[in-house]
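**Q** coordinates only, no sequence provided:
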Ligand code: COA
């Protein structure tokens, strides 16, 4: 689901919209954040993408760099967002190689489906640490650059916490925290020229999230979406470009939901709920 030059040719945006700017992206080799990085690079920015897996991160950076001649994209692997010092080192490296950081995408995330009964305390902690503490650490490490360049932040959130989604208590709790963090930063950092917003993607076709989180046996989702289709990477790219562009100069503390309207329906499990939960617990209780 990668972007190509047609994104610029058919775009509402000027091709050099982000010329001279640098975006720092955690999770930039993953599906959603990679698309966001690609859009920024295609529209003139240089980029640093950060990830745990060295090979995957470096390869993704090389591929993204090929999208626009003259662009610089660096891939910094072996960085865990749970460790603020590890991000701080990659910020230093980014400034050394690309000169500055104007935009930050805090997108590194961990997720899996697990009911409460099978979710260990450590599993809950891992996801909250990656998604929430990791988002805090990312902004913390980039703060001097954001302040100097009057930058902007996008947190990658979700819609899971707008209602109760079974098997996602860990991520729902983490993403609720991410929204709260973004709102507080919008208020606290606004007076020094930094904007903070969230993008909450819905069901985006071809993403790791879709493949990880679609319950086995679930009926196809697309016709349940008010706009009658799954989301595409381009939908996320457009929202990202908007929030970082001067068109959003007066926009901070918002959560841009990009989901075709589906969260209003609130039916993630469809026909599987509640039998899937009752049966699983009955099986376990009978063993006690
Ligand atoms: N169901 C229930 N528990 C799970 C699980 C699953 N599918 N996967 C991992 N866990 C638990 C582990 O058992 C462990 O708990 P324990 O110590 O009580 O056994 C805990 O989570 C931490 O697992 P570990 O593999 O040590 O953590 P990690 O930090 O290496 O990995 C994860 C973090 C668990 C979030 C892992 O899924 C991950 O790395 N994901 C990254 C990519 C991703 O999720 N992208 C999501 C895009 S939507």
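**A** That came in fine, so what should we check first? Keep in mind the model is a prediction, meaning the values are calculated, not measured.

**Q** wait, residue 152 touches residue 198, no?
**A** No: with contact defined as C-beta atoms under 8 Å, residue 152 does not count as touching residue 198 (12.0 Å). Every residue, glycine included, has its C-beta placed from N, CA and C.

**Q** continuing past the helix ranked longest in the chain, what's the next helix or strand?
**A** Identified as the longest helix of the chain according to DSSP state H is helix 169-189. Next helix or strand after helix 169-189 toward the C-terminus (DSSP states H and E): strand 195-201.

**Q** how about the helix or strand following that following strand, does it reach the ligand?
**A** Later in the chain than strand 195-201, the nearest helix or strand by DSSP H and E is helix 208-213. Yes: for helix 208-213 and the ligand, the contact criterion (C-beta under 6 Å from any ligand atom) is met by 208, 209, 212.

**Q** what residues are up against the first one?
**A** Contact partners of residue 208, counting by C-beta atoms under 8 Å, 6 or more residues apart in numbering, are 30, 31.

**Q** gap between the longest helix of the chain and the chain center?
**A** 13 Å (C-alpha atoms, centre = their mean, to the nearest Å).

**Q** by how many degrees do it and strand 195-201 diverge?
**A** With axes from the mean of the first three to the mean of the last three C-alpha atoms, to 10 degrees applied, the angle from helix 169-189 to strand 195-201 works out at 160 degrees.

**Q** helix 169-189 - what's its average pLDDT?
**A** Averaged across helix 169-189, pLDDT comes to 98.

**Q** pull out the buried positions in that helix.
**A** 169-179, 181-183, 185-186, 189 (16 or more other C-beta atoms under 10 Å).

**Q** next one: stretch 129-143
**A** 129-139, 141-143.

**Q** with stretch 250-265 instead?
**A** 252, 253, 254, 255, 256, 257, 258, 259, 260, 262, 263.

**Q** ok so, going back, quick one: which of the residues of helix 208-213 next to the ligand is nearest residue 83?
**A** Taking C-beta to C-beta as the measure, residue 83 lies nearest residue 208 of those, at 22.2 Å.

**Q** for residue 229, see how far away the closest one is.
**A** 19 Å (C-beta to C-beta, to the nearest Å).

**Q** show me where the stretch 101-250 of the chain dips below the pLDDT cut-off.
**A** Applying pLDDT under 70 to the stretch 101-250 of the chain picks out residues 215-219.

**Q** rewinding a little: with distance to residue 62 and secondary structure added, can I get the buried residues of stretch 129-143 in CSV?
**A** Formatted as CSV, those follow (distance: C-beta to C-beta, whole Å; DSSP: H, G, I helix; E, B strand; the rest coil):
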residue, distance to residue 62, secondary structure
129, 29, helix
130, 25, helix
131, 27, helix
132, 31, helix
133, 30, helix
134, 24, helix
135, 26, helix
136, 30, helix
137, 26, helix
138, 23, helix
139, 27, helix
141, 24, helix
142, 23, helix
143, 29, helix
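
**Q** of these, list those near the ligand.
**A** Checking the buried residues of stretch 129-143 against the ligand (C-beta under 6 Å from any ligand atom), the matches are residue 130.

**Q** distance to residue 60 added to the buried residues of stretch 129-143, as TSV?
**A** Listed next are the buried residues of stretch 129-143 as TSV, based on distance: C-beta to C-beta, whole Å:
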residue	distance to residue 60
129	23
130	18
131	20
132	24
133	24
134	18
135	20
136	24
137	21
138	18
139	22
141	20
142	20
143	25
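
**Q** and of the buried residues of stretch 129-143, the nearest to the ligand?
**A** residue 130 (5.9 Å; C-beta to the nearest ligand atom).

**Q** the nearest residue to the closest one once chain neighbours are set aside: neighbouring residues, count only.
**A** Distances taken as C-beta to C-beta, 6 or more residues apart in numbering put residue 110 closest to residue 130, at 4.1 Å, once the chain neighbours are dropped. Residue 110 is flanked by 19 other residues according to other C-beta atoms under 10 Å.

**Q** over to residue 77?
**A** For residue 77, using other C-beta under 10 Å, the count is 19.

**Q** nearest spatial neighbour of it, skipping sequence neighbours?
**A** Counting by C-beta to C-beta, 6+ apart, the residue nearest residue 77 is residue 54, at 3.1 Å.

**Q** right, is the strand or helix carrying residue 88 up against the ligand?
**A** Assigning secondary structure by DSSP H and E places residue 88 in helix 84-98. No: applying C-beta under 6 Å from any ligand atom, one finds helix 84-98 out of contact with the ligand, separated by at least 13.5 Å.
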